[in-house]
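1. Need the 3D shape of this:
(2 chains)
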Amino acid sequence: MSGVEGREVDGGALTHPSVTAVQERFSEAILRHEVVAGDEHVIYVTPSRILEILRWLKEDPDHFYNYLSDVTAVDYGGGRPIQVVYQLFSITHRRALRVKAELPLSDLEIDSAVPLWDAANWLEREVYDMFGVVFRDHPDLRRILMPERYAEGHPLRKDFPLRGRFSRAEQTRRALSQEPEDYYIPEEFDSGREPQVVHWQEVGGGTEPSADPRRSARDSKESKDRMDTEPAGGDARQETD
Amino acid sequence: MSKRTVEYEVSRTPELGMDFRAQEGPLMPTDVVEPDFGSENMLINVGPQHPATHGVLRLVLELDGETVVRCIPHIGYLHSSFEKLGEYRDWNQIVPLTDRMDYLAPLIYNCAFVMAVEKMMGVEVTERCKVVRVICMELDRIFSHLLWLGTWAIDVGAFTPFLYAFQERERVYQLHDRYVGARITTSATRIGGMLADLPEGWTDGVREFADTLPRTLDEIDTLLTNNGIHAGRTQGVGEISGEEAINSGFSGPNLRASGVPYDVRKDRPYYDYETYDFDVPIGEHGDCYDRYLVRMEEMRQSCRLLHQALDRLPDGPINVDDPRVILPSKTDCMNDMESMIHHFKLVMEGVKSPPGESYLPIEGSKGELGMYVVSDGGSKPVRWRVRPPSFVNLSVIPKLVEGGLLADVIVVNASLDIVLGEIDR
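-> This is a model prediction of the structure:
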């Protein structure tokens, strides 16, 4: 088989029916085959053909990898390509296969597996969040664990320092300066009624709240800032007592 | 905000049924035309600080009246970057991180992690260790399901089962305490073995627990299983077909409730699970009620497994005889220089793994728990990835609740048995 290297061994328990078949079907797209940890089979595939290969593995009745256990990525650091790892399992045939695609740091894009498995949705979002791998045609590619407007990059990359890129002071400042509506995503604003942003100043009457919740939030923040500079009502009462 | 006054005069005429005198016919006639309140959908937040979200989960729900039109989950409030922290710790130092992920079944996570590392390193643990780990894992499966049972009962409106379940949980806490000295953060495993051999009389405690738990389960059974309110509240709610469940990555009791008999213990056996005699309960409808039934039965099966494991618990060393991973005895350390150096190097440098990788899935209490470890030959991982079962299970929640009622969101969420520590990691 062309392009096969690594710890590929012929015969015995070290062959895998799906690996043999997938190598025959997509000969040049299967870059190599490895057996790790005794009995775990890994195939490395050309990233541009990942969807085609996964679709075949999922739909071919002899293989039928209907269960996508996991999608993750591995960054070895030092400028080496990032591996996107798919853990497949066939509940019907009780067979597992790991598919890897290596993406160079300059081109971190790969087709999304969501058309095949719904399970890929959040798993790919996590890979995007943590490694910055962009999944083409993903229906909802947003950060998932980190905040939506997180500006420090992708935390599980090797070049990301353990404590983050910003200083603790800067991180705190950014966290405190968030507006309430930052916690919503645009789609949530787009349909339905806009969420009410009610601040404690507005509850007691006072100025007429503006119709736009985004503006009212900012206005109330300014009014709060003004209030901070003035002596609070409670203290004044204590003095007169 | 525009002010909008809604005028709706509640008539006290008998035709509207608001007059509570005895009358014939339905209390609320159905032919009353509802006043037009406008067609705006409402956006509400459930969580992140809400007792029924079982942690810091936030669901943004778009409601049309009481019907959920859209559900967008937001997670990450408990993100502790365990996987990143793991890359700065050696293999044994990661064990304490694992039990903080799923603090409802810490021993399962401890075991899963070291099993993956041992597989990558080619370390075969002793027979006694295998059985002890099976006992630990089954004990914590019950431990986790009991918490689920209690909170589930509360979420559907029953309080008593919560107390019963937590009384039983307390006994598992005490077993944890007697074995490892901690109640929740057990950190019981080490690469190549356990932190210590079982204390005197501990197995008797486990056996007594396995003997008496089914009695409590029977009591809860009588309270819930045939309870009309409970059944009416949960049957047909949050249904998902088997095919869809597989496609969505469901695993564990949630998947089996949809009729798919996929159990990692049976389908990808580890630790001789194929030699134990136990049944895998499966549901039929894939609704919340079936998920309840499956978990109830799983606890009974875990009791069976506990009995079998206790019966076959062999004598012998608990730690593998492999100087690469196991510390020399204290006596040796104090008596000869080589053992002292050996001890020093293992503690200071950590266990070293040859380059390689391994993905090992086990059947956790929440579903398929996979540990993916990658080593480049050093004492720290290049990548430590947890395949979080609750994370994938939770990702299905929009599909389960959209089109249902707001009150059912709480029931569906409770039936999925999520733990946010592991979802956010």
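2. Now do the contacts for the closest residue to residue B:388 other than its chain neighbours.
-> Leaving aside its chain neighbours, residue B:388 sits nearest to residue B:422 (4.9 Å; criterion: Cβ to Cβ, 6 or more residues apart in numbering or on different chains). For glycine as for every other residue, the C-beta is placed from the backbone atoms N, C-alpha and C. Residue B:422 makes contacts with B:101-102, B:109, B:366, B:386, B:388-391, as judged by Cβ atoms under 8 Å, 6 or more residues apart in numbering or on different chains.
3. mind listing the strands for the stretch 151-300 of chain B?
-> According to DSSP state E, counting those that start in this stretch, the stretch 151-300 of chain B carries its strands in the segments B:189-190, B:193-194.
4. how about those, which one is nearest chain A?
-> For those, distance to chain A was read as Cβ to the nearest Cβ. The smallest value, 18.2 Å, belongs to strand B:189-190.
5. what does that closest one rub up against?
-> Contacts to strand B:189-190, defined as Cβ under 8 Å, 6+ apart, come from residues B:92, B:95, B:107, B:110-111, B:113-114, B:133, B:195, B:319, B:325-326.
6. Indicate each strand paired with that strand and its parallel or antiparallel sense.
-> Applying DSSP bridges, strand B:189-190 is found paired with strand B:193-194 (antiparallel).
7. Could I get the average pLDDT for the strand it pairs with?
-> Confidence over strand B:193-194 (mean pLDDT, whole number) is 90.
8. try stretch A:161-168
-> 87.
9. Quick one: end-to-end distance for that stretch.
-> Here the two ends of stretch A:161-168 are set 13 Å apart, with distance taken as Cα to Cα, to the nearest Å.
10. And that stretch, what's buried?
-> In terms of neighbour count (16 or more other Cβ atoms under 10 Å in any protein chain shown), stretch A:161-168 has no buried residues at all.
11. Is there proximity between it and chain B?
-> Yes. Applying Cβ under 8 Å from any Cβ of the partner chain, one finds stretch A:161-168 in contact with chain B at residue A:162.
12. which other residues reach the helix or strand hosting residue A:100?
-> Under DSSP states H and E, the secondary-structure element containing residue A:100 is strand A:95-103. With Cβ under 8 Å, 6+ apart as the test, strand A:95-103 has contacts from A:16-19, A:40-47, A:50, A:53-54, A:57, A:63, A:65, A:69, A:81-90, A:109-110, A:133, B:268, B:359.
13. quick one on the thing from earlier: ok, of the contacts of residue B:422, which one's closest to residue B:80?
-> The shortest distance between residue B:80 and any of the contacts of residue B:422, using Cβ to Cβ, involves residue B:101 and amounts to 8.7 Å.
14. in the strand holding residue A:100, what counts as buried?
-> When burial is assessed from 16+ other Cβ under 10 Å, strand A:95-103 yields the following buried residues: A:95-101, A:103.
15. Give me the pLDDT value at the residue of chain A found nearest chain B.
-> Among all residues of chain A, residue A:119 sits closest to chain B, at 2.6 Å; criterion: Cβ to the nearest Cβ. Looking at residue A:119, its pLDDT is 90.
16. show me what contacts it?
-> For residue A:119, the contacting residues are A:68, B:247-249, B:392, B:395, taking Cβ under 8 Å, 6+ apart as the criterion.
17. Could you measure from the residue nearest to residue B:388 over to chain A?
-> To chain A, residue B:422 is 12 Å away according to Cβ to the nearest Cβ, to the nearest Å.
18. Please identify which helix or strand holds that residue.
-> Under DSSP H and E, the secondary-structure element containing residue B:422 is helix B:420-424.
19. ok, the nearest residue to residue B:160 once chain neighbours are set aside - how many residues close by?
-> The spatially closest residue to residue B:160, leaving aside those adjacent along the chain, is residue B:223, at 6.1 Å (Cβ to Cβ, 6+ apart). Other residues within reach of residue B:223 by the criterion other Cβ atoms under 10 Å in any protein chain shown amount to 15.
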